[in-house]
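Give me a model of this one.
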Amino acid sequence: MTSAASLSTRPLNVTLFAGLLVLAALVMIWLGTMAAGYYVPASALLVEAALLWRGQGRKLFEAVLAVNQAAGLLMILDLWLGDGLGDLKLDISGVLLLANLAFGGPLLSLLALPLLALLRFGQATPAWFARA
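A predicted model of the protein is given here:
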């Protein structure tokens, strides 16, 4: 159990984004009641929230964010510019969609950019991971 002293030292942006990740996971769990495939991004979102909350596993945390962003961006580029690929275009987009969903889905894609910016250019979030 976390003590009151450690809660006061947790940066506000860590608390805010961990809460947003849990909220995004709850939305994905709700979607999972209609299509079971959404439980996968929900679990990835919960793992990300736990890593951020505890301040552990920065490399894993960043890797999941980066793969999520890369898969989403490549999928959009493939759908937009991949007409020369013929039928292969949809196969590539399908694989990239599965990769994006496996690493947190579209809701993590929305939260990943500010999180990556905080990790690269912020001071409190990298210090939060470094203290562990």
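
C-alpha only now, for contacts and for neighbours.
Will do.

For stretch 116-125, list every residue counted as buried.
Across stretch 116-125, burial judged by 16 or more other CA atoms under 10 Å covers Leu116, Leu118, Leu119, Ala124, Thr125.

how about the nearest residue to the spatially most central residue of the chain, chain neighbours excluded?
Compute the mean C-alpha point of the chain, and by CA atoms, centre = their mean the closest residue is Leu108, 3.6 Å away. For Leu108, ignoring the flanking residues on the chain, the nearest one in space by CA to CA, 6 or more residues apart in numbering is Leu45 at 6.9 Å.

got the contact list for the one you found?
Leu21, Val22, Ala24, Ala25, Gly104, Leu108 (CA atoms under 8 Å, 6 or more residues apart in numbering).

Try it again at 10 Å.
For Leu45, the contacting residues are 18, 20-26, 28, 39, 51, 64, 102-105, 107-108, by CA atoms under 10 Å, 6 or more residues apart in numbering.

residue boundaries of the strands in the chain?
With DSSP state E as the definition, the chain shows no strands.

where in it is pLDDT low?
Across the chain, the ranges flagged by pLDDT under 70 are 1-8, 132.

can you point me to the longest helix in it?
helix 58-81 (DSSP state H).

elements contacting that one?
Judged by 3 or more CA pairs under 10 Å, 6 or more residues apart in numbering; DSSP states H and E, the packing partners of helix 58-81 are helix 39-54, helix 88-102, helix 105-121, helix 124-130.

and those helices as TSV, adding distance to Ala70?
Listed next are the helices and strands packed on helix 58-81 as TSV, based on distance: least, CA to CA, whole Å:
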stretch	distance to Ala70
helix 39-54	16
helix 88-102	8
helix 105-121	9
helix 124-130	22
